[in-house]
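Colleague: show me the folded form of this:
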Amino acid sequence: MHKIGADREQAEFLLSLVPLPDGSRNAPRISEWHVVSSIARQHGLLPQIFCRLPEWEGAMPEDHVRLIREEGYRNAARNCVLAAELLRRLAAFNRAGIPALPFKGAALAAQLYGDLAHRPAGDIDILIHFADLHRAAAVMKEAGYILHPSDPDAQEFQFTRESDGIVVELRWRLSPSWFRRDFGMNALWPHRRTSMLLGTAIPSLSPEHTLILLCLHGTKHEWTRLFWVCDVVQLLSLHRDMDWSLIERDARRFGLWGSVALGVLLSHRLGGVDVEETILRRFKRSTRVLRLERHIREHLFDARYRPLDGLPNQHPVLGFRDRIRSLLKAGVAAPNLRDREFIHLPRKISFLYYLVRPLRLTWDHVVVKRAIQREAR
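Modeller: Predicted coordinates for the structure are as follows:
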C-alpha cells in the first residue's frame, strides 16, 4: 500500500485520536478530509473517528460523515462476526481438551475498549501449545476450514473457510523463530486471566503479557500504524497497577525488554500516558531505543518511511545474539540498492559489494549521529 504523507494540521488531528488519559480532545479543523480519511485508514484510526462521530460530524463534509459511518458499521459488524466465531472455536478446542488463548483482534477490542467497534480486526488469532497443533488442525478441519501451505519457518498455521472467508491463525509462539527463547503458551498460560466477549467468559492474556505482546507486535511492524500505539496507551490507562517487576522479568527473559521500552516510550510521548518515573528512567538507559523512538515519532506520517540506519526497526532493540540471528535471518548482510548507489562497481567485481555494505552502514550511522549532535546544540 502506498503511504500518504500528512501535513502538520492533519498530523495534529490524527494524533488527537490517541486516547488521552485525561479524556481531553482536540476539535478538528481540517480542510482536506479526503486526505485525512485515507491516512486514518492506513493507520487503523477510522474506527476511532467513527466512535467520536456524534461530537465531530458537524465539522465534516456530509459525504465524509457518510463514508466514515458506513466503514464504521462494517467494521463493527465484522468484529461481531469474528467474535462469535472465536467463541465457537474456543468452545470446540475446550471440548477437545486443547488449551487456547485468543489475542489481538476482536478479543483485544473488547478487552481494551469494551466496544467491538473501536478497533479494526482482520482475522482470528489463537495461541496454542505446539504439541496440540495436529489435534487443533483436525478440529479446524471439522469446522470447514482449509489449511493453507505455510513457510517452513512460520510460527503459525493459517486456516480459511471458503463459505464466509473467515481466516483463523493458530500460533504456537509469538516471538520470531530466530529468538533464543520461545515467548509462547508455557510462559503465558499460567498467568492467564478471564475477560468477557459477547457476554461469555474467555481466557485472555494478563495485562502484563498483553503489554509485552503489543510492544512486540508494534516493533515487528516498525510502529507504522498509529492504532498500535493507541492500544498500548489504552492498556496502560486501564491498568495503572501493572506489575512492572513481572513485565521486566519476562521481557528480559525472552529478549523483549527493548521492544517494551520502545512501545511504552512511544505511548508516553504520543499519548501522554502516565508511567512511573523510575520505569521511564530504565527505558531511557538505551541510547539505541531512544534514537529509534525519536525516529519513529518524527517520521510517523511521512509518505516514504525509511528505517533508522537502513536496518529493520526491531534490530536496535534486540540483544546482541538476537541481533546477529536477525541479520542472518533477514539476509541483511546481502548488498542492496543503497549499497550500489553508495559506490559504483563494475560488474566483474560486484562481489565486493559485500565489503562495501558494512562501510556504507557505518557511514550512515556516522551521518545520522552527527545530525543529531548538531540539532542538540
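
Colleague: drop to CA atoms for contacts and neighbour counts, all remaining ones
Modeller: Will do.

Colleague: contact partners for residue 192?
Modeller: Residue 192 sits next to 203, 204, 205, 206 when contact means CA atoms under 8 Å, 6 or more residues apart in numbering.

Colleague: again, only using 10 Å
Modeller: 101, 185, 202, 203, 204, 205, 206, 207, 209 (CA atoms under 10 Å, 6 or more residues apart in numbering).

Colleague: which secondary structure elements does the helix or strand where the third one lies contact?
Modeller: Assessed by DSSP states H and E, residue 202 sits inside strand 200-204. Applying 3 or more CA pairs under 10 Å, 6 or more residues apart in numbering; DSSP states H and E, we find strand 200-204 packed against helix 62-95, strand 101-103, helix 105-113, strand 193-197.

Colleague: repeat that for 7 Å
Modeller: Under the contact criterion of 3 or more CA pairs under 7 Å, 6 or more residues apart in numbering; DSSP states H and E, strand 200-204 touches strand 101-103, strand 193-197.

Colleague: one step back: save the contacts of residue 192 as a markdown table, and put in neighbour count too.
Modeller: Below are these laid out as a markdown table (neighbours: other CA atoms under 10 Å):
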| residue | neighbour count |
| --- | --- |
| 101 | 21 |
| 185 | 21 |
| 202 | 20 |
| 203 | 19 |
| 204 | 23 |
| 205 | 23 |
| 206 | 18 |
| 207 | 22 |
| 209 | 20 |
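
Colleague: residue 168 sits in which helix or strand?
Modeller: Per DSSP H and E: strand 167-171 holds residue 168.

Colleague: average pLDDT for that strand?
Modeller: Averaged over strand 167-171, pLDDT sits at 96.

Colleague: which residues does the helix or strand following that strand contact?
Modeller: Once the chain leaves strand 167-171, the next helix or strand it forms, by DSSP H and E, is helix 185-188. Residues external to helix 185-188 that are found in contact with it (CA atoms under 7 Å, 6 or more residues apart in numbering): 127, 128, 129, 205.

Colleague: now do stretch 244-260
Modeller: Contacts of stretch 244-260 (CA under 7 Å, 6+ apart): 181, 182, 183, 208, 212, 215, 216, 219, 289, 317, 318, 319.

Colleague: what do you get for stretch 121-136?
Modeller: By CA under 7 Å, 6+ apart, stretch 121-136 touches 79, 82, 86, 93, 98-106, 166-172, 185.

Colleague: tell me the spacing between residue 100 and residue 214.
Modeller: From residue 100 across to residue 214, the span is 18 Å (CA to CA, to the nearest Å).

Colleague: among the contacts of stretch 121-136, which ones are buried?
Modeller: Taking 16 or more other CA atoms under 10 Å as the criterion, what is buried in these is 79, 82, 86, 93, 98-106, 166-172, 185.
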